[in-house]
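This is a predicted model, with the sequence first.
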Amino acid sequence: MIGPRDPDRDIDDLLEDGGGEIGNLYRRLPRYEPPRRLDRAILGEAARAVHSGKPPRRQRWIVGVGSAAGLVLAAGIAWRIGNDAMHSPPVAPTESAPVMAPRVVPVEPITESARTRRDEPAPASSPMDSAAPAAPPPPSAVTGAVSKRAANEVDKARKSVELKAAPKPALAQEPPPPPPPEPQAARQAEAPAAFPADAKEEQAKDKAASAERETGAAADGLFRHRAQQPAAGGALPQSTPSSSVELRRDMQLAPEEWLAHIHQLIRQGRRQQAAESLRLFMRTHPDWEISDDLRELQR
Amino acid sequence: MGSEKTDEELMLAYAGGDLLAFEMLYRRHRGTLYRFLMRTLRHRADTDELFQDTWSRLIAARERYRPEAKFTTWLLQIAHNLIVDRFRRQRPQASEEETEAVFRKLDAPESDEPERALTEFEQRRRLQLALEDLPEEQRVAFLLRVESGLGLDEIATITGAGRETVKSRLRYALARIRARFAT
């Protein structure tokens, strides 16, 4: 029975190991326990404290360096593109430009000599110009300040843009219904239709060696013929090879425009190129009536 | 078991990253700490909150632990500081008059008190009520003694009071408890 006792004796009993009478009674009280959710929370917190300390500094350093490297790379690319564009001034339009511009795909070979390039009309009003990253450099610039490699890159970029955006000839202008071509001509005639459609394939072709390109369906025989043919007249520019790209461009023209273009080449003194283009024209449109002055070009 | 690690060794191991050491330490002291808080605060939600707070602070301060301090003393000191903060915000201390009234009643001759044979259940209930009625400082001192088994010096360390003060608080606490049984 717990009742009034001497306080000093009472505290001595309490400070003993057993805790005395009141200590024994206390131990019979309900023994509260923390709920399980607290156990989980505290053990989880202890585990997190051990396992997830502060993030190591090294990781943050790597992120910073990576970001800086990315910026430097981007700046380098931008500088390079800007430099190329600066060395590639746009070609001034000429009087003949309006005639050719709307449908001419502005692809120009970089192998042409300075003299022929200077006389060539520029397709300044072509809608492709706005999409092209830079105008083709003049030959003097190509041989001078701009390296040949840089010019190639610009040319490739232009080609890729033009490949994506160039309309099919059939959409640009309704050509007269072609007569049934001979098998080889039919194969060649398919080339312009497939050209803008299959951009990926053409990009791969552009990356191939120039020899491979020149053995393309359109220009294959023409180049071989040109090698055997002597230059017509002393006024002809010596060795001004037309690239298959230019010939393909011609194939995209309507027959009337194509012939007008050939005449223009003759007026510009580019007879060899005109002859190549005419040969291709005659293969593509074998039934088309050719004027006498153009027939002379074949001789 | 002779090879069983001491609390201090376990705490140092946990500070070094040994999670199992903490789990062992927690199992040893979770019940004692929880009951100490429960009987001191007399409120389940407050108890849960301070129980978790106590362990959280211990976890956060694990690297500052030095084995010179007894682990139990350190743990209960953290808990006691939290209790003091809680009481300071919540309620006033028991007045001197209240305490004196209890002692006046205790001084009355035994013959004046009714003889009662209290049942076991009634005894536990009265002790529980007596603990709830104790002033905070006396209750803490009493609980640190009977629940945690601490001596006068350790209680003095935890509560920041002198040894004799602790002894006095214990004496008053016992007197109040006996007074509850006398009514």
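Noted; the coordinates are in hand. Here the structure is a predicted model, which means the values were calculated and not measured. Numbering: from 1, shown residues only, chains lettered A, B, ... in the order given.

in the top helix by length along chain B, what's buried?
What stands out as the longest helix in chain B, according to DSSP state H, is helix B:19-41. Buried positions in helix B:19-41, judged by neighbour count with 16 or more other Cβ atoms under 10 Å in any protein chain shown: B:21-26, B:29-30, B:32-41. (Glycine included, C-beta is placed from N, CA and C.)

Same question for stretch B:79-88.
B:Ala79, B:His80, B:Asn81, B:Leu82, B:Ile83, B:Arg86, B:Phe87.

what's the helix or strand for the fifth one?
Secondary structure assignment for B:Ile83, by DSSP states H and E: helix B:71-90.

Remind me what that helix packs against, helices and strands.
Packed against helix B:71-90 by the contact rule (3 or more Cβ pairs under 8 Å, 6 or more residues apart in numbering or on different chains; DSSP states H and E) you find helix B:7-15, helix B:19-41, helix B:44-60, helix B:136-146, helix B:152-159.

Next, the angle helix B:44-60 makes with the second one.
To tie it back to what came earlier, the one meant is helix B:19-41. Taking axes from the mean of the first three to the mean of the last three Cα atoms, to 10 degrees, one finds helix B:19-41 and helix B:44-60 inclined to each other by 140 degrees.

Averaging pLDDT per element, find the lowest-scoring helix or strand in chain B.
Ranked by mean pLDDT, DSSP states H and E, the weakest helix or strand in chain B is helix B:96-106, scoring a mean of 57.

quick revisit: now the helices and strands packed on helix B:71-90 in a markdown table, with distance to B:Gln128?
Shown next, in a markdown table, are these (distance: least, Cβ to Cβ, whole Å):
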| stretch | distance to B:Gln128 |
| --- | --- |
| helix B:7-15 | 29 |
| helix B:19-41 | 8 |
| helix B:44-60 | 14 |
| helix B:136-146 | 12 |
| helix B:152-159 | 21 |
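
need the ones you listed in CSV with distance to A:Gly66 and mean pLDDT, can you?
Output for the helices and strands packed on helix B:71-90, formatted as CSV (distance: least, Cβ to Cβ, whole Å; pLDDT from 0 to 100):
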stretch, distance to A:Gly66, mean pLDDT
helix B:7-15, 35, 94
helix B:19-41, 34, 94
helix B:44-60, 33, 94
helix B:136-146, 56, 92
helix B:152-159, 52, 94
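
Nearest to A:Met251, out of the ones you listed?
Nearest to A:Met251, of all these, is helix B:19-41, at 77.1 Å by Cβ to Cβ.

Pull the distance from the closest one to the chain's centre.
How far helix B:19-41 lies from its chain's middle: 13 Å, per Cα atoms, centre = their mean, to the nearest Å.

helices and strands around it, which ones?
Using 3+ Cβ pairs under 8 Å, 6+ apart, helix B:19-41 is in contact with helix A:36-51, helix B:7-15, helix B:44-60, helix B:71-90, helix B:136-146.

between that helix and helix B:71-90, how many degrees?
40 degrees.

Just the CA coordinates for helix B:19-41, please, in CSV.
Provided in CSV are the C-alpha atoms of helix B:19-41 (Å, rounded to 0.1, in the frame of the first residue of the first chain):
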residue,chain,number,x,y,z
LEU,B,19,23.5,2.3,-40.9
LEU,B,20,23.1,-1.0,-39.1
ALA,B,21,24.7,0.6,-36.0
PHE,B,22,22.0,3.3,-36.0
GLU,B,23,19.2,0.7,-36.3
MET,B,24,20.6,-1.1,-33.3
LEU,B,25,20.9,2.1,-31.4
TYR,B,26,17.4,3.0,-32.3
ARG,B,27,16.0,-0.3,-31.2
ARG,B,28,17.6,0.1,-27.8
HIS,B,29,16.3,3.5,-27.0
ARG,B,30,13.1,4.0,-29.0
GLY,B,31,10.8,2.7,-26.2
THR,B,32,12.5,4.5,-23.4
LEU,B,33,12.6,7.8,-25.2
TYR,B,34,9.0,7.5,-26.4
ARG,B,35,7.7,6.8,-22.9
PHE,B,36,9.7,9.6,-21.4
LEU,B,37,8.2,12.0,-23.9
MET,B,38,4.7,10.6,-23.6
ARG,B,39,4.6,10.8,-19.9
THR,B,40,6.1,14.2,-19.9
LEU,B,41,4.0,15.8,-22.6
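
Relative to B:Arg139, how far out is B:Ala161?
14 Å (Cβ to Cβ, to the nearest Å).

Ok, B:Ser56 next?
Counting by Cβ to Cβ, the gap from B:Ser56 to B:Arg139 is 24 Å.

can you tell me which residues contact residue 76?
Using chain A. Taking Cβ atoms under 8 Å, 6 or more residues apart in numbering or on different chains as the contact definition, A:Gly76 lies against nothing.

wait, chain B
Taking Cβ under 8 Å, 6+ apart, one finds B:Leu33, B:Phe36, B:Leu144, B:Ser148, B:Leu150, B:Ile158 in contact with B:Leu76.

what's the answer for B:Thr73, then?
Residues near B:Thr73 by Cβ under 8 Å, 6+ apart: B:Leu150, B:Glu154, B:Thr157, B:Ile158.

let's see it at 7 Å
Counting by Cβ atoms under 7 Å, 6 or more residues apart in numbering or on different chains, B:Thr73 makes contact with B:Glu154, B:Thr157, B:Ile158.

Test my guess that the last one contacts B:Gln77.
Yes: in this structure B:Ile158 lies within contact range of B:Gln77 using Cβ atoms under 7 Å: 4.7 Å.

just to revisit the earlier point, can I get the buried residues of stretch B:79-88 in CSV including pLDDT and distance to B:Arg126?
Shown next, in CSV, are the buried residues of stretch B:79-88 (pLDDT from 0 to 100; distance: Cβ to Cβ, whole Å):
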residue, pLDDT, distance to B:Arg126
B:Ala79, 95, 26
B:His80, 94, 26
B:Asn81, 93, 30
B:Leu82, 94, 29
B:Ile83, 91, 24
B:Arg86, 87, 26
B:Phe87, 82, 24
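
quick check, nearest of those to A:Asp6?
When those are compared for distance to A:Asp6 (Cβ to Cβ), B:His80 wins out at 29.5 Å.

For the closest one, which residues are in contact?
B:Val140, B:Ile158, B:Thr159.

Go through the residues you listed and give me the one with the most neighbours.
Using other Cβ atoms under 10 Å in any protein chain shown as the neighbour test, the contacts of B:His80 are led by B:Val140, with 27 neighbours.

what about the longest helix in chain A?
Counting residues, the longest helix found in chain A (DSSP H) is helix A:57-86.

Please spell out which residues along it are buried.
The neighbour-count check on helix A:57-86 (16+ other Cβ under 10 Å) flags A:Asp84 as buried.
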